[in-house]
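Trainee: just the structure for this:
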Amino acid sequence: MSLTAPSSRAARPSLRRRLLQLAERATSPLLPADYLDLFDPLRPGADLRGRIVAVHPETADASTIVIRPGADWAGHVPGQYVRLGVDVNGIRQWRAYSLTHGPRPDGNISITVKAVPDGLVSTHLVRESRPGTLVHLEQAQGDFVLPTDGGKFLFVTAGSGVTPVVGMLRNLFPVADDGVVRLACSAAYDIVVVHVAPSEPHSIFLDNLRALDDAGLIRLVARYDDVHGVLDVGDLEALVPDLHERVTLACGPGGLLDALQRHHDERGLELLTEQFRVTTRAVGEGGTVDFTGSGTMVDADGATPILDAAEAAGVLMPSGCRMGICFGCVLPLREGAVRDLRTGAVTTATPGETEGRGVPIQTCISAAAGACVIDH
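Mentor: Have a look, this model is predicted:
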């Protein structure tokens, strides 16, 4: 008996492996997990995804998107961001968005997206998002968070830069049906919010900020470009007389954050920033393709597939295209722009927004549309 039990136990993993191999052969070229994804895409062990459960308009060009994350979502700290992947015109695009809530009782997460001019992903999310749609997620990241031991703080936000701040404030001052809840742990915080927007109608979360101001939980200083002009950071001492007693947390466009950094450095003030990226990328015909893994750079014209241009330069490329095996040539675009030679559609990748997997592209039908970086 003592000799047969170990051999029986040893046989079980082998049997499981054989059954798995049989299942893989039966489902080839897909894997059994691919079929499980059809029935339970949010299950433990699956690629991290989320399902959109609601879309709430905030302004004419901004919406809050509520997402049910998969079982392996590890949670987040208010102020952090999530990288979200969405398929637009058959291409998966990744972007980073701040989470606009602390941990919620229902387990959902939310982001607020402002549609920007020529913004492929932001416009798609604001105009096309529907409940039931699956999106891809990465775990929450970021150090733009509020210290847990209280203190005096100044938030300076501009445009959609208010989104991580709202996540922090909602966590400190949750709202119930009968109004704002005054938590004992929140009494240690003294917060001023200087919020900048192009105009009052374009001020995201203005009602939330006003409600907290009316309740005496924060002091709101709202600045609208069409009324007050563009904010001069030199005016902060007048707007916030005790500025020197506060730690400043700021989120917004680079120009504002650069000005704040100079202002605070000159005065020896503490500043923590989070920058959302508004990137203008020049799209042209052809460009230099940097294959990071091989250390090779190839000059490619705008009419030749990247696969062909690379092979002509001696780069060994993955592909099964010429054998009728599709998608064997897919590689991650880390930075830059490529053009689909079939449709003319341009796909871009921006550093900091595509960390993780990059934007998958088919090199057999994509040509360089400017300088680009491809993992290989």
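
Trainee: domains of the protein?
Mentor: 4-37, 49-137, 151-275, 287-374 (automatic domain parsing).

Trainee: mind putting the ones you listed into TSV with mean neighbour count, distance to residue 43 and mean pLDDT?
Mentor: For glycine as for every other residue, the C-beta is placed from the backbone atoms N, C-alpha and C. Output for these, formatted as TSV (neighbours: other Cβ atoms under 10 Å; distance: least, Cβ to Cβ, whole Å; pLDDT from 0 to 100):
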stretch	mean neighbour count	distance to residue 43	mean pLDDT
domain 4-37	10	7	51
domain 49-137	18	6	90
domain 151-275	17	27	90
domain 287-374	18	20	82
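
Trainee: so can I have TSV of the ones you listed showing distance to residue 144?
Mentor: Putting the domains of the chain into TSV (distance: least, Cβ to Cβ, whole Å) gives the following:
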stretch	distance to residue 144
domain 4-37	33
domain 49-137	5
domain 151-275	4
domain 287-374	13
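
Trainee: how much space between residue 134 and residue 329?
Mentor: Counting by Cβ to Cβ, to the nearest Å, the separation of residue 134 from residue 329 is 25 Å.

Trainee: any idea what the spatially closest residue to residue 360 that is not a sequence neighbour is bridged to?
Mentor: Leaving aside its sequence neighbours, residue 360 sits nearest to residue 330 (Cβ to Cβ, 6 or more residues apart in numbering; 5.0 Å). Bridge pairing for residue 330 (DSSP bridges) gives the partners residue 362.

Trainee: next one: residue 96
Mentor: residue 83.

Trainee: cool, residue 250 as well?
Mentor: The partner residues for residue 250, given DSSP bridges, come to residue 156, residue 273.

Trainee: isn't it right up against residue 164?
Mentor: No. Counting by Cβ atoms under 8 Å, residue 250 does not reach residue 164; the two are 10.5 Å apart.

Trainee: what touches both of the two?
Mentor: Here residue 250 and residue 164 have residue 274 as joint contacts, going by Cβ atoms under 8 Å, 6 or more residues apart in numbering.

Trainee: what sits closest to residue 51 if chain neighbours are left out?
Mentor: Residue 51 sits nearest to residue 68 (Cβ to Cβ, 6+ apart), 4.8 Å away.

Trainee: roughly how far apart are that neighbour and residue 99?
Mentor: 14 Å.

Trainee: one more: residue 182?
Mentor: Residue 182 is 23 Å from residue 99, by Cβ to Cβ.

Trainee: now do residue 159
Mentor: Counting by Cβ to Cβ, the gap from residue 159 to residue 99 is 17 Å.

Trainee: kindly report the same for residue 335.
Mentor: 25 Å.

Trainee: quick one: residues contacting the residue nearest to residue 360.
Mentor: 360-363.

Trainee: distance to residue 257 added to these, as JSON lines?
Mentor: JSON lines is the format used below for the contacts of residue 330 (distance: Cβ to Cβ, whole Å):
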{"residue": "360", "distance to residue 257": "32"}
{"residue": "361", "distance to residue 257": "31"}
{"residue": "362", "distance to residue 257": "37"}
{"residue": "363", "distance to residue 257": "36"}
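
Trainee: any chance you could map the helices in the stretch 251-376 of the chain?
Mentor: 254-267, 306-312 (DSSP state H, counting those that start in this stretch).

Trainee: which residues are in contact with the last one?
Mentor: When contacts are defined by Cβ under 8 Å, 6+ apart, helix 306-312 is touched by residues 289, 291, 296, 298-301, 317, 319, 321, 329, 338, 361, 363-364, 366-368, 374.

Trainee: output it as PDB, restricted to C-alpha atoms.
Mentor: Listed in PDB are the C-alpha atoms of helix 306-312, where the atom choice follows Å, rounded to 0.1, in the frame of the first residue of the first chain:
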ATOM      1  CA  ILE A 306       7.300  47.700 -41.900                       C
ATOM      2  CA  LEU A 307       7.700  43.900 -42.200                       C
ATOM      3  CA  ASP A 308       9.200  44.200 -45.700                       C
ATOM      4  CA  ALA A 309      11.400  47.200 -44.800                       C
ATOM      5  CA  ALA A 310      12.800  45.500 -41.800                       C
ATOM      6  CA  GLU A 311      13.600  42.200 -43.600                       C
ATOM      7  CA  ALA A 312      15.300  44.200 -46.400                       C
END
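
Trainee: adjust the sequence numbering to begin at 46 for everything that follows.
Mentor: All right, first residue 46 from here; so that's helix 351-357.

Trainee: redo the helices of the stretch 296-421 of the chain as CSV? Include distance to residue 394.
Mentor: Below are the helices of the stretch 296-421 of the chain laid out as CSV (distance: least, Cβ to Cβ, whole Å):
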stretch, distance to residue 394
helix 299-312, 19
helix 351-357, 13
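
Trainee: nearest to residue 127, out of the ones you listed?
Mentor: Among the helices of the stretch 296-421 of the chain, helix 299-312 comes nearest to residue 127, with 21.1 Å by Cβ to Cβ.

Trainee: not counting that closest one itself, show me its contacts.
Mentor: 201, 203, 241, 276, 278-279, 281, 289, 293, 295-296, 314-316, 318, 320, 322-323.
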